[in-house]
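Undergrad: Below are the sequence and a predicted model for it; my questions follow.
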Amino acid sequence: MAGSKEPVGDQAAKGQQRSRYDGQIPVRVRTASDLLEDCARLILDDGTFIGSTELRILGLLAEHEGLSISEISRNLFVDKAWISRRIKLLADMQLVQLDRHDMDSRLLLARLTDEGRSRFARTMQSVTPVYAEIVAGMDEAATITLLDRLECNLRNLNARLRQMRSADAGESSPHLSKVSGP
């Protein structure tokens, strides 16, 4: 039934009704993402402008000494220009240093400074217990498998939609009816 509503999750406990569209996966993922981002901001915002992307960069550099902007972008699935701006910010904060590549002086490699390594370790001490609370009661391996599949499906759909958009450049919008399954 199009307008039917049924209680879901916390709303069921409170006797509230949720639209059947609120239960769709994209809506639920977006809601969870918004809540996760807000929690991350509350945990990480110490007035020095380090956010989740910066923390991910520090973590990657803690594991891999000397990466280029392109390598960081590829590993984190974040736009190269955005990574470049975040690296500059981290360098200004003296958490990251940029060195020229030994073999190709055009290439800059990002490395953690001692302060960057220390800041990452301190931040992870705060984040780890919160992460445990986020994933409490979940089968982490199954959740990661689910998220990997969702990301793969979305990347494929995104690529097809972009391809359709460029093919239909003369039209005002892509026609979703042209989208076929994988």
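TA: Sure thing, it's come through.
Undergrad: Can you get me a residue count around the nearest residue to residue 119 once chain neighbours are set aside?
TA: Counting by C-beta to C-beta, 6 or more residues apart in numbering, residue 119 lies nearest to residue 95, which is 5.7 Å off, once chain neighbours are set aside. All C-beta atoms are positioned from the backbone trio N, CA, C, and that covers glycine. Residue 95 has 24 neighbours, counted by other C-beta atoms under 10 Å.
Undergrad: surely residue 95 meets residue 114?
TA: No: in this structure residue 95 lies outside contact range of residue 114 using C-beta atoms under 8 Å: 9.7 Å.
Undergrad: Buried ones in the longest helix along the chain, by neighbour count?
TA: If you go by DSSP state H, the chain has its longest helix at helix 140-167. Within helix 140-167, the residues that count as buried by 16 or more other C-beta atoms under 10 Å are 160, 164.
Undergrad: Report the rounded mean pLDDT for it.
TA: Per-residue pLDDT over helix 140-167 has a mean of 91.
Undergrad: got it, and stretch 88-96?
TA: For stretch 88-96, the per-residue pLDDT averages 95.
Undergrad: just how off-centre is that stretch within its chain?
TA: The chain centre lies 21 Å from the centre of stretch 88-96; the measure is C-alpha atoms, centre = their mean, to the nearest Å.
Undergrad: Of all the residues in it, which ones are buried?
TA: For stretch 88-96, by 16+ other C-beta under 10 Å, it's 89, 90, 91, 93, 95, 96.
Undergrad: Check stretch 105-125 too.
TA: 108, 109, 110, 112, 113, 116, 119, 120, 123.
Undergrad: Other residues contacting it?
TA: 44, 50, 55, 57-59, 61-62, 65-69, 72, 87, 90-91, 94-101 (C-beta atoms under 8 Å, 6 or more residues apart in numbering).
Undergrad: Among these, which lie within helices?
TA: 44, 55, 57, 58, 59, 61, 62, 69, 72, 87, 90, 91.
Undergrad: I'd say the third one and residue 72 touch.
TA: This means residue 57. Yes: in this structure, residue 57 is within contact of residue 72 by C-beta under 8 Å, at 6.1 Å.
Undergrad: The two: which has the busier surroundings?
TA: More crowded of residue 57 and residue 72, by other C-beta under 10 Å: residue 57, with 28 against 22.
Undergrad: show me the contacts for that one.
TA: Taking C-beta under 8 Å, 6+ apart as the test, what residue 57 contacts is 72, 76, 83, 86, 87, 90, 96, 110.
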